[in-house]
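Q: Sharing a model that was predicted from the sequence below.
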Amino acid sequence: MQEMANIETNQVTLIPKLLAIALGFIALLVFIYLGRGLYAARTLLRREFTAYFLSPIAYVLFVVFLAVSGYLFNRTFDLLTTTGPKGTEFPMQAMFADDRFWLVFLFIPPLLTMRLFAEERSSGTLEMLMTVPLLDWQVVLCKYLGCLGFYVVLWLPTLCYLPALLGWHAFELHGPSSLAAWIFIFGLLLFLGGIFLQLPTNLEPSMRLLGLASIALGILISLFSGIRHFQSQDTHLIDFQSAIDPFPVLSTYLGMFLAGAMFLSIGILVSSLVRDQMVSALISMGLGLLFLVAGFLHPEQDGGLLYRTLYFFSVPLHFDRSFTRGIFDTRPIILYTSTAFLCLFLTVRSLESRRWR
Amino acid sequence: MKKQIEKKTGLFSRFHALMRLAGLTGFLVGFAALIFGNPADLISSAKECLSQICSLNFSAPVLISLTGITLGIIAILGEVVIALCFAAGRKSAMGATASVQIFLAVILVLGTNFASFSNYLLLDWTRSQLFTLPKSLKDKLENLKEETTIIVCQLHKTYGNFNDKPDRYDYAAEKLVVGKVKDLVDQLREFGPRFNVAVLDVEEESYERKLRELTENAPELRKAIETAPENSIFFWAKKSIAENSGELLQRMSFNEFYRLDKTSSQQDNQNRGNLVLLPQGSDGLGAAEPFVRRILSLEARKPKIAIAVVDEWLTSKGTDSFGLAGLRKSLEAQGFEVKDLILRKLRQRPAASVAYTFDESKLDRLDQRIRSLNLNLERFEKGIASLGKMLTQWKSTPIPELEKSYAELLRGGKLSEESRKSQVEYFDTELRNITEAKERFTKQKDEAVKDRSQLDVDSLVEQQRMTDLEAKMNILLADCDLLLVPRPTLHDVITEDRNLPFWLHGLEKAQVNAMQNFMKLGKPVFALLGSNTEPSDQGPVPPGFIANDGFEEMLTKLGFRFGKQTVLFDEEVEGFGEQMAGLLTGGTSVKIPPLLLDWNEGSGRPPALKPNYPEKTHPIRESLRLTARSQSPDKPLELRLRHPRPVYFEPTNGMQLVYNPDLFQTSRDSWNENQPFPEMQGNSGERKAPAYNPDDKDPNKGTLDAKRRGPFPIGAAAEVPLPADWFAKDEKHPKNIRIAVIGESWFLVGPDLPPIKERLVMDVCNWLLSRDDFLPRQSIPWKYPRVELSTQTQNLWLWGCQLGLPGLFAYLGFFVLILRRMR
């Protein structure tokens, strides 16, 4: 009887695991397919990415964004070096859970995405773009990833704040002492190997694909084993001693990346629907505001349905309560990724509709 | 043909536009009507609207709203139909497929998010797992089923009101604790949606409304919130339906969650200040532990404390000057139940020994009062009858007849109409006065009768009939967990205000035996025994009173030693001087020094009698130390006990002490005095004030009672074994019991207990009840992280990040712009 019950329990726990493996496998196949598609469209991707660095608006964005985040850094740094009973337990929360930051952030994705399709459409180059031997999704993905790449670059200078915000005072490297550490190193080598494979210009497509797969796999393996390794009590490979917990930084940047991915996908969808850049930016801002406004209301955190619903949709609340404090909540992650995928899918359909309308 | 199509298309377009306009207008009007229906509360308005729809009984605004919204919905449906026709009609295969794909994608995304709304994971990536409950606590919470509401109540009176004006450290601590509570409740919610949290802030405008909403069906909760002495967290749940409808309630002060260490706060960060809090959980469990413990103990029975005193006026419902009302208030606010035990009838001559509950004593008092009032009322009635008769006589009888009747009193004098009138007025006034007095007394009697009727007279009378004192006391103490014996004696030897003789508290042997029986059950005792010194000119102990009842001897057998003297402080000498000089207010402004919580080993005793105590500080003393640290370093702990007697602890054979039993000591500026009262000097009528006067011929030399300078230990607490001779051969023998003794009791008296004294009592009671977890404790402190950098480096960071980075990118932007122009 007991054995029967054990078997049933095992079956119950086995089914979700099998499902997860199947989903993971499907996702891997999809990523390989997308990777191949992107590789074919690499020229467009490169063009989209570099175009940002040639446009003045990108530098205006850099200056404004860094001025605001610099001001917030200033405030946070002040709290970390102040006197008396003031301070902040989570510096990232002090910086990025601030309403002012989100007010500025609201403008960034629309400004980055407004020109993507609207400009092409108004200048008439969209028809030309549609004639290149690429599928619609490749065009959309290239534009999106180019934009997302610039968004990531926009955030890179803020990494300069970290030594001060975390109070780093020692940095040491150690040899691997656990299985997780070895797997982490393997993941890193896989990633570096993939990068190395991409370097030759005259490589065969199959090898180049192998390189891309190696990069993706390397990232995945090193990410998961890295988390396991750094959560364990073993001697860490990289030991940076900081006065302040560094893990909330990781979750904050990951959250910012995913939130940005969502807002940019909304922007790209709107840009594909309208002709005028300004209209595109304004509509994107309006739609983006839907995900921000609840955070500005500061709802009472009573755990009721209203609060939970507002929390679910409010990006500032996600950062206030979760990411900036080192909590990785799956709800916002699913919201960001699913919305991003939906918007990208709708963008592809929007482009496609030009053919049958 | 073309014209026909154009005509058709034009008609359709106009209809379409009309439909859209109607829909838009419908929504506008519908929502406007909804808002005008109840502008204050849109949700209630919508609910009202729904209820009217269900009952098909529409008011005008609801009807308008309903019509408008229906129009809007029809328009939306129309749009959907048109969209579908459009997709299906034009290049239908592509359009329809795309529509279906979009529809499915939207459904998939909505479904995924809907599922993730309630099925999610929270991964704690913090270095020290700040947002993860320890496994032992999780296991306990898993089984919890009741819906619990947690109310964070901010009264802005933090840390027990030690300061009248909370400073910035108090406010910062308060703000942080509120945040920590919310975080903890978030973690608790992961066990299901059975935890609700509400924050009440007395300074918020919405406080009254929130309180009303929260306590709509919770009168006990409301009472608890209204009487909360400081910032508190309440845990509240409704009792299950199977039980009587009642409330389960626990209160926890902010201190019991995180304790502010103000001293460390001010000294931290190289004396620049920080916020340092001590999480109050057991080792390794953090601040969540006391919090979870309260939730889990919601249904636990409240510990009951019996207070044994010798008269009703000394009870917790007694008079302000002698009663322990403040003690009851504090104990009840901290989750204890209090039961008064009255052991003597002091007003009876000779004083009799009893074992009464407060109600029994009250019944006696009320019966006596009603009897006395009845007697007075009878007299008043007689007086009124007699006066009425006289009044009638003086009003109606002719003057000559009156002169005859009162000839003896008039002694030949004559009555006039005027004197009759004045006499009538006099009788009239008298009658009115007596009638008023009768009414007043009747009212008082009615009140007394009403009070009596509220008592369970039959059962009280039944209880009173029980004459076996020991048995009755055993019964009364059976449901109690702790016995508190306060014996206030010397209050002020200078002004001689409210001093009580020690023999007033003497009990009969049977009563002391009952206390011993209580201890034999393994239950703890908290004795507060004031000094037993008396003025030298005091006569013998009055009949009916017992000077030595054996209670102290009983405690002596357990290891406690009581000094025979009273401790006087140097500060009191000036007071004696003022009193001797005949100043009206002489001696009233004496302020004795606070008690010591830190001392060198062996301090408080003659050098030859140095005790061999363990080094470990007693938890009560540790708690008081932490309490002292929650104040500024420049403010001493305001725990001052006047006229105490020394209390020593000497372990009996084989006793193993875990802690140093001494709780506190008097200041060094004190001495032990055999005769703390001013004494008459011969026949001159002059009085001599007590003063420290070392005597080489002191008969107590070499003993604990030797006359010497302070400090003196005046409180001790220990876990002691009971003497074997207390038990019969086959009687069950408890392992150890906890006893605490303090050599002063007046500090408990009064309508309110000052916070520091309340802290002392709570700590002692909690420790005696083995609730060591409830005592403030030292732990790994929480504080705001600080980054240590020189001022120059700080400035470099600030300017570099605030101006340098944006400036660099502005430069790059211009650089790229110039390069592009060059091309």
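A: Good, I have the coordinates.
Q: Tell me how far the residue sitting nearest the centre point of chain A lies from chain B.
A: Residue closest to the mean C-alpha point of chain A, counted by Cα atoms, centre = their mean, is A:Phe257 at 2.5 Å. Noted for A:Phe257: a distance of 15 Å to chain B, by Cβ to the nearest Cβ, to the nearest Å. No exception for glycine: its C-beta is placed from N, CA and C like everyone else's.
Q: Name the helix or strand for that residue, please.
A: helix A:247-273 (DSSP states H and E).
Q: any low-confidence regions in chain A?
A: Scanning chain A for pLDDT under 70 picks out the ranges A:1-13, A:170, A:201, A:355-357.
Q: Report the buried residues of the helix holding A:Phe257.
A: A:247-253, A:255-256, A:258-273 (16 or more other Cβ atoms under 10 Å in any protein chain shown).
Q: Tell me the first helix or strand C-terminal of that helix.
A: Next along from helix A:247-273, by DSSP H and E: helix A:277-290.
Q: can you give me the angle that next one makes with helix A:247-273?
A: Here helix A:277-290 runs at 140 degrees with respect to helix A:247-273, directions being taken by axes from the mean of the first three to the mean of the last three Cα atoms, to 10 degrees.
Q: contacting residues around the very next helix or strand once past helix A:277-290?
A: Remark: after helix A:277-290, the chain's next helix or strand is helix A:293-297, criterion DSSP H and E. With contact meaning Cβ atoms under 8 Å, 6 or more residues apart in numbering or on different chains, helix A:293-297 is reached by A:99, A:102, A:310-311, A:313-317, A:320.
Q: In TSV: those residues, plus neighbour count, distance to B:Pro754 and secondary structure.
A: Output for the contacts of helix A:293-297, formatted as TSV (neighbours: other Cβ atoms under 10 Å in any protein chain shown; distance: Cβ to Cβ, whole Å; DSSP: H, G, I helix; E, B strand; the rest coil):
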residue	neighbour count	distance to B:Pro754	secondary structure
A:Asp99	12	44	helix
A:Trp102	23	48	helix
A:Leu310	19	45	helix
A:Tyr311	22	44	helix
A:Phe313	18	51	helix
A:Ser314	25	47	coil
A:Val315	27	50	helix
A:Pro316	24	46	helix
A:Leu317	23	43	helix
A:Asp320	22	41	helix
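Q: now those residues in TSV, with distance to chain B?
A: Below are these laid out as TSV (distance: Cβ to the nearest Cβ, whole Å):
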residue	distance to chain B
A:Asp99	18
A:Trp102	19
A:Leu310	12
A:Tyr311	10
A:Phe313	9
A:Ser314	13
A:Val315	14
A:Pro316	17
A:Leu317	12
A:Asp320	11
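Q: Export the residues you listed as CSV, with columns for distance to B:Glu417.
A: CSV is the format used below for the contacts of helix A:293-297 (distance: Cβ to Cβ, whole Å):
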residue, distance to B:Glu417
A:Asp99, 94
A:Trp102, 99
A:Leu310, 92
A:Tyr311, 95
A:Phe313, 99
A:Ser314, 96
A:Val315, 102
A:Pro316, 97
A:Leu317, 96
A:Asp320, 96
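Q: from those, which is closest to B:Val567?
A: Of all the contacts of helix A:293-297, B:Val567 sits closest to A:Asp320, with 56.9 Å by Cβ to Cβ.
Q: still on that earlier bit, who are the contact partners of the residue nearest to the centre of chain A?
A: Each residue near A:Phe257 by Cβ under 8 Å, 6+ apart is listed here: A:152, A:155.
Q: Specify the next element, helix or strand, located C-terminal of the helix or strand of chain B with the lowest mean pLDDT.
A: Lowest mean confidence among the helices and strands of chain B (mean pLDDT, DSSP states H and E): helix B:42-55, at a mean of 68. Using DSSP H and E, the helix or strand that directly follows helix B:42-55 along the chain is helix B:60-89.
Q: Does that following helix reach chain A?
A: No. Using Cβ under 8 Å from any Cβ of the partner chain, helix B:60-89 stays clear of chain A, with a minimum separation of 9.4 Å.
Q: Mind pulling the model confidence for the closest residue to A:Leu342 other than its chain neighbours?
A: Spatial nearest neighbour of A:Leu342, chain neighbours left out: B:Val109 (4.5 Å); criterion: Cβ to Cβ, 6 or more residues apart in numbering or on different chains. Reported pLDDT at B:Val109 in the predicted model: 94.
Q: which residues touch B:Gly715?
A: B:647, B:662-664, B:740-743.
Q: Out of those, name the ones that lie in strands.
A: When the contacts of B:Gly715 are checked against strands (DSSP state E), the matches are B:647, B:662-664, B:740-742.
Q: Which ones, among those residues, also lie beside chain A?
A: Answer for these near chain A: none qualify (Cβ under 8 Å from any Cβ).
Q: Tell me the one of those residues nearest chain A?
A: B:Phe664 (29.2 Å; Cβ to the nearest Cβ).
Q: Pull the number of nearby residues for the closest residue to B:Gly604 other than its chain neighbours.
A: Excluding its sequence neighbours, the residue lying closest to B:Gly604 (Cβ to Cβ, 6+ apart) is B:Pro713, at 4.4 Å. Using other Cβ atoms under 10 Å in any protein chain shown, B:Pro713 is surrounded by 27 other residues.
Q: what separates B:Pro713 from B:Asp662, distance-wise?
A: To B:Asp662, B:Pro713 is 5 Å away according to Cβ to Cβ, to the nearest Å.
Q: Excluding chain neighbours, what is closest to B:Glu638?
A: B:Ile756 (5.5 Å).
Q: so that neighbour sits in a helix?
A: Yes. The assignment for B:Ile756 is a helix, going by DSSP: H, G, I helix; E, B strand; the rest coil.
Q: was I right about it contacting B:Gln631?
A: No. Counting by Cβ atoms under 8 Å, B:Ile756 stays clear of B:Gln631, with 9.3 Å between them.
Q: Contact residues of the stretch 51-200 of chain B facing chain A?
A: Proximity of the stretch 51-200 of chain B to chain A (Cβ under 8 Å from any Cβ) is limited to residues B:90-91, B:94-95, B:98, B:101-102, B:105-106, B:109, B:112-113, B:116-117, B:120-128, B:130-131, B:168-169, B:172-173, B:182, B:185-186, B:189, B:193, B:195-199.
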